[in-house]
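J.: sequence plus the predicted model coming up.
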Amino acid sequence: MEKYPKISEAEWQVMKQLWTDHPTSANEIVKKLAKTASWKPNTVKTLINRLVQKKAVGFEKQGRRHLYFPLVAEEEIVREESRSFLNRFFGGTLTPMLASLVENRDLSEHEIKELKAILDKADEQAKQK
């Protein structure tokens, strides 16, 4: 299994911007994050540098500017974080996690139908194996 970088909550916000729009400059990321976070520009630049060090973000130099881009796909990080969460809190077992989520949240009819469809699809795939 490939090793993916651990990304903090704050770094996740930077990654979301890069997954949406890349390559982009640090100043553009600062502007976009200013709409949702009250971080100073230096804070955002520190987060970008951490992501570069973690090899989650790369950059290319264009004159005096650095244009940043993601080196890992959002789906890969979500999958890895989901696995980590499942292992940490539920011993890697999916059933108790789903039961906990369903029991502690009011689900709409639409959400219930979506969950049933996901489980039906998984059941079909399991039968084909």
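T.: Thanks, I have the structure now. Numbers count the residues shown, from 1 in each chain.

J.: dihedrals phi and psi, Thr93?
T.: phi -100, psi 130 (degrees, to the nearest 10).

J.: how near is Pro41 to Glu28?
T.: As for Pro41, its distance to Glu28 is 11 Å (criterion: C-beta to C-beta, to the nearest Å). Backbone N, C-alpha and C define where each C-beta goes, glycine included.

J.: quick check: buried residues in the one helix or strand Asp123 maps to?
T.: Element membership of Asp123, judged by DSSP states H and E, is helix 109-128. By neighbour count, and taking 16 or more other C-beta atoms under 10 Å as the criterion, helix 109-128 has no buried residues at all.

J.: that helix - what's its average pLDDT?
T.: Across helix 109-128, pLDDT averages out at 92.

J.: put the alpha carbons of that helix into PDB.
T.: Listed in PDB are the C-alpha atoms of helix 109-128, where the atom choice follows Å, rounded to 0.1, in the frame of the first residue of the first chain:
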ATOM      1  CA  GLU A 109     -35.600   9.400   3.200                       C
ATOM      2  CA  HIS A 110     -33.200  10.300   0.400                       C
ATOM      3  CA  GLU A 111     -30.100   9.500   2.500                       C
ATOM      4  CA  ILE A 112     -31.600   6.100   3.500                       C
ATOM      5  CA  LYS A 113     -32.300   5.300  -0.100                       C
ATOM      6  CA  GLU A 114     -28.800   6.300  -1.100                       C
ATOM      7  CA  LEU A 115     -27.300   4.000   1.700                       C
ATOM      8  CA  LYS A 116     -29.500   1.100   0.600                       C
ATOM      9  CA  ALA A 117     -28.400   1.600  -3.000                       C
ATOM     10  CA  ILE A 118     -24.700   1.600  -2.000                       C
ATOM     11  CA  LEU A 119     -25.200  -1.600   0.100                       C
ATOM     12  CA  ASP A 120     -27.200  -3.200  -2.800                       C
ATOM     13  CA  LYS A 121     -24.300  -2.400  -5.200                       C
ATOM     14  CA  ALA A 122     -21.800  -3.800  -2.700                       C
ATOM     15  CA  ASP A 123     -23.900  -7.000  -2.300                       C
ATOM     16  CA  GLU A 124     -24.000  -7.500  -6.100                       C
ATOM     17  CA  GLN A 125     -20.200  -7.000  -6.400                       C
ATOM     18  CA  ALA A 126     -19.600  -9.500  -3.500                       C
ATOM     19  CA  LYS A 127     -21.800 -12.100  -5.200                       C
ATOM     20  CA  GLN A 128     -19.900 -11.700  -8.500                       C
END
